[in-house]
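K.L.:
make a model of this:
(chains A and B)
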Amino acid sequence: MYNLLSAYTARLLKDKLFWLIECVIALWAAYVFRLARQSFVCGMHHISKTFHTNPYFFNAAIWLGISLALYSAYFTGTEYHDGILRNQIISGHRRYEIYLSHYLVILLAGVMQAAAYYFVLITADGFFLGFSVMHMLVKPAEYILLILLALLGYSALFSCFSMLLANKNAAVFVQLLLAILMLYFGFATVSSLQEPRTSLVTSTYRGENRTIPNPNYLEGARRELYEWADGLNPSSLSLHGVMAEKKGGIPFHAKIPVGTALLTVCFTAGGAYGFSRKELK
Amino acid sequence: MDYVLTCDALDKRYGNFYALCRLSMHIPRGAIYGFIGKNGSGKTTLMRLVCGLSHPTAGSYTLYGITSRDKNICRARRRMGAIIETPAVYLHMSAAENLEQQYRILGLPSFDTIEEILELTGLTDVGKKKARHFSLGMRQRLGIAIALCGNPDFLVLDEPTGGLDPQGIIEIRELILRLNREQQITFLISSHILDELSKISTHYGFIDRGRMVREISAAEVRDLCRKCVRVTVADTKPLCLLLDRLELDYNILSDTEADIYLSPPSDADASRCLSAAGISVTSLVMELSKGNCEVLSLREHDESLENYYMNLIGEEKHV
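P.N.:
Numbering: from 1, shown residues only, chains lettered A, B, ... in the order given. Now for the predicted structure:
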C-alpha cells in the first residue's frame, strides 16, 4: 500500500489542476483577508460587542466540500478513464489497498486545500494586522478540529462515490449535488441547533423587557435527531466555525466524533467492499 | 510440462448468458500462446479473469502454481504484465513519466532501467510529448513498455496489433519474438488476425462461444495443415502398398480417400514427400494405374490455419 500511496502522492503533487485550485484558494484567502482588514479599519471590534472574526477565518468551510467533491471525481475519474486502475490490479495490488490509498490521497488533497487557505490568511494577518484576526477568534482549536473531522467525512463520502462510479462525469454530478445538499442541510442544522433557549422580547406598550421561551429551541428527541444530523454531515461540522456566535455557538457534543467515525467507517468499508466486487472494464 | 497458467472449468456468467462455459486452458512456460476466436467468443473475458479485473462464477485458474482462490494470487500477478483492450496510460503524462508512475506502483527502487525499456519498445525519441498526442501504435508500444516494468515473465496481450498499420504490426510482432527469445517471456496473445498469430505462436487455443474448442501446438497444426494431394481411389489397399514401396508419407482418410503429402512434416524428414522424392503427379497416377489402383479424383489440398479454424468451428457448431 505504501507503493500506491507514493504513486498517488507523486501524481497529486505534479497535477496542474490541483495547483490551480490551490492558487484559486490562496487568492480567495487574500480577498477574505481584505474584507477582514476592512472590518478592523472600520473599528467593528469597537462598535459591536458581538463582533468576532470566525466568519472570515472559517470561511473555507463553505467551499471546502465542493472543491474536494470536484477534485476527487476528477482524480479518480482519470484513473478509470485512462485504465490505470487496471494496471494496479494486474500489478498485484489488492483492491482494498487501492481503495484505502485513494481515500488517504483525497484526504491529503483536502488538508492541503484547507492549509493553502489558512496559510495565506494567517501570513497576511500576521504581516498586516499583527494577528488581530486570530486574536478575535471564538474557540479556534475546537473549530479547527471540526474542520479536520469534516475532511475525514468528506474524503470517505467522495472516495466511495468516485471509486464506485466509473464514469467521471457521473461522479462529478453526483458528488457536486451531494456537496451542495450537505451544505444546505448543514446551514439548516447549525442554525436550528444554535437557537437560544429563551428570547428577549421588548414590549412597546409597557416599555419593558421580558424573557420568553424560544419556540424554535430544539429539545428532547428533536434535539437528539438534529445533533445526529450534525454529527453525520461533514458540511454541518465545518459550518460550526463560520456560524459560531460570540458566546460559543453549539457546544461540542458526543455525536460529532461518533457521527464522523460512523460515516467514515461505513462509507469506507462499504466502498471498499463494493470496489472489491466491481467488474472493471 | 511446466505451465504458467492453467484454467480449470472456468465459468463466467452475466445473468443467463455464459461468457465462458467450463473453459480449460494450459499455457506452457516459454510459449507464445495464440488465443483465437471470433468477436464475442470470450477471449477478453478470460483475460480479464486471469488479470483479476473480474471474478469467475465457477471454476478456477492457477497462475504459477497459485490458485485463484488463494489470497496470495496477487503475489503471483506481480510476475505478469498485461494490456487488456486498450493500453492503460496516463494521457496527460509523457512516456517516461508513465513508466515512472508504474515503477512507483511496483515499488521499484530506482528509475535507471526506464531508458532501457523505452529503447526496447522504440520510444526513445518521443521526449516530453504527452501520451494523448501519441499515435495508436505508439500508445500500444507504451502500453507494452508499462507491462514490461518490473521484468515480468508472463505477458497477456489482448489484440496487440488492433488498429495498427502494417509497419506497426511488424514492429510489435518482432518485439514479441525478441522478448520471447531473449528474455524467455511467456505470452498469451488474443487475436482474430490468424495470419499474424501464425507467424509467432508456438501454441494455439481456439475458443468459440465461451468454450475452448481445441488446444494444439503449432507443430501439430503444421502437420495437420501440410500441403498434400488428396486422392480418391476405388480401394486404398493397393494405394498403401504402392506408397509404401515408393516410401512416401501419406494418411488414409477412409476406404477410398487418402492424402499424399507434398511438403515435409514438422520434424523435417523431407525425403518422404512427393516433391523431394522427385515424383510428379503424372507419374504417380501412372504407377497407381499399373498397380490396378483406379484413381477417381485428385486435387491439391493446402489447409491454412484459417481453413483449419473454420473447419474446427464448423464442427463445433454441429456438435
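
K.L.:
in what element of secondary structure is B:S190 found?
P.N.:
strand B:186-191 (DSSP states H and E).

K.L.:
sheet partners, orientation included, of that strand?
P.N.:
Each strand paired with strand B:186-191, and its direction, by DSSP bridges: strand B:32-36 (parallel), strand B:154-158 (parallel).

K.L.:
now those strands as a markdown table including mean pLDDT?
P.N.:
Below are the strands paired with strand B:186-191 laid out as a markdown table (pLDDT from 0 to 100):
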| stretch | mean pLDDT |
| --- | --- |
| strand B:32-36 | 94 |
| strand B:154-158 | 94 |
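
K.L.:
just say which of those strands is most tucked in.
P.N.:
strand B:32-36 (a mean of 26; mean count of other C-beta atoms under 10 Å in any protein chain shown). Heads up, the C-betas are built off the backbone N, CA and C, glycines and all.

K.L.:
what separation do you get for the closest residue to chain A within chain B and B:Y309?
P.N.:
Residue nearest to chain A within chain B (C-beta to the nearest C-beta): B:A88, separated by 3.1 Å. Look at B:A88 and B:Y309: by C-beta to C-beta, to the nearest Å, they are 30 Å apart.

K.L.:
to what extent is residue 72 buried, counted in neighbours?
P.N.:
If you meant another chain, say so; for now it's chain A. 29 (other C-beta atoms under 10 Å in any protein chain shown).

K.L.:
not quite, I wanted chain B
P.N.:
10.

K.L.:
go ahead and confirm it touches B:L63.
P.N.:
No: with contacts counted by C-beta atoms under 8 Å, B:N72 stays clear of B:L63, the gap being 10.1 Å.

K.L.:
check which element follows the worst-scoring helix or strand of chain A on mean pLDDT along the chain.
P.N.:
The least trusted helix or strand in chain A, going by mean pLDDT, DSSP states H and E, turns out to be strand A:198-203, with a mean of 73. Counting by DSSP H and E, the next helix or strand C-terminal to strand A:198-203 is strand A:208-213.

K.L.:
quick one: average pLDDT of that following strand?
P.N.:
For strand A:208-213, the mean per-residue pLDDT is 77.

K.L.:
which secondary structure elements does it contact?
P.N.:
If you count contacts as 3 or more C-beta pairs under 8 Å, 6 or more residues apart in numbering or on different chains; DSSP states H and E, strand A:208-213 packs onto strand A:198-203.

K.L.:
just the helices in chain B please.
P.N.:
Using DSSP state H, the helices of chain B run over B:43-50, B:73-77, B:95-106, B:114-120, B:136-148, B:166-183, B:194-200, B:218-224, B:236-246, B:274-277, B:281-290, B:305-318.

K.L.:
go through the ones you listed and name the closest to A:Q175.
P.N.:
A:Q175 lies closest to helix B:95-106 among the helices of chain B, at 24.5 Å (C-beta to C-beta).

K.L.:
so how far is that closest one off the chain centroid?
P.N.:
How far helix B:95-106 lies from its chain's middle: 29 Å, per C-alpha atoms, centre = their mean, to the nearest Å.

K.L.:
who in the stretch 51-200 of chain A is up against chain B?
P.N.:
A:78, A:82-84, A:86-94 (C-beta under 8 Å from any C-beta of the partner chain).

K.L.:
now with 10 Å, please.
P.N.:
With the criterion set to C-beta under 10 Å from any C-beta of the partner chain, the stretch 51-200 of chain A comes near chain B through A:78-79, A:81-95, A:97-98.

K.L.:
quick one: which of those residues sit in helices?
P.N.:
Checking these against DSSP H, those in helices are A:78-79, A:81, A:84-90, A:95, A:97-98.

K.L.:
among these, which two are most distant?
P.N.:
Applying C-beta to C-beta across those, the maximum distance is between A:H81 and A:E97, 21.1 Å.

K.L.:
so what sits opposite B:T6 in the bridge?
P.N.:
B:H26, B:T62.

K.L.:
my guess is it contacts B:S60. True?
P.N.:
Yes: using C-beta atoms under 10 Å, B:T6 makes contact with B:S60 at a distance of 9.2 Å.

K.L.:
quickly list what's touching both of the two.
P.N.:
B:T67 (C-beta atoms under 10 Å, 6 or more residues apart in numbering or on different chains).

K.L.:
in the stretch 151-281 of chain A, what residue lies closest to chain B?
P.N.:
A:L280 (4.4 Å).
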